[in-house]
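A.B. asks: Here's a sequence, model it:
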Amino acid sequence: MTNKSQLTGEDSKSMDSYLAPLVQQIQPSGIRKFFDLAAGSKDIISLGVGEPDFKTPWHVREACVYSLERGFTGYTSNAGMPELREGIANYLHSRFAVEYDPANQIIA
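C.D. replies: Got it, this is the predicted structure:
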């Protein structure tokens, strides 16, 4: 059974003492290094974990449920949905007066 001190690291052993020597030798990944760097800076917004630091607004949650009910349950292409990329291109044009080709210059 695990007690609170084991979960919080309050006991006398460090987490490394529970890891096999081979595992202890594994170097942190590039994304881990980036995440640690971003966590220590107020001037960096980390997108590394892919999770927002706020609750998803209700209208977004409702749209997700509606999409699920309509059967949109699979992954999109790596570039993202064409309709979304088109919407992004339209927004950029109306807001910043710039032109981007959603098929070749926008990834979402």
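A.B. asks: quick one: low-confidence ranges for this protein?
C.D. replies: For the chain, applying pLDDT under 70 flags the ranges 1-13, 45-49.
A.B. asks: what's the distance between the most centrally placed residue in it and His93?
C.D. replies: Among the residues of the chain, the smallest C-alpha distance to the mean C-alpha position (C-alpha atoms, centre = their mean) belongs to Gly50, namely 0.4 Å. According to C-beta to C-beta, to the nearest Å, Gly50 stands 28 Å off from His93. Just so you know, the C-beta spots here come from the backbone N, C-alpha and C atoms, and that holds for glycine as well.
A.B. asks: Over to Asp101?
C.D. replies: Taking C-beta to C-beta as the measure, Asp101 and His93 are separated by 11 Å.
A.B. asks: the more surrounded of these two?
C.D. replies: With neighbours defined as other C-beta atoms under 10 Å, Asp101 and His93 compare such that His93 has more, 12 against 9.
A.B. asks: ok, the more buried one touching Glu99?
C.D. replies: Yes - counting by C-beta atoms under 8 Å, a contact exists between His93 and Glu99, whose distance comes to 6.1 Å.
A.B. asks: Outside of the top helix by length along the chain itself, list whatever touches it.
C.D. replies: Of all the elements of type helix in the chain, the one with the most residues (DSSP state H) is helix 82-96. Where contact means C-beta atoms under 8 Å, 6 or more residues apart in numbering, the residues beyond helix 82-96 that reach it are 79, 98-103, 105-108.
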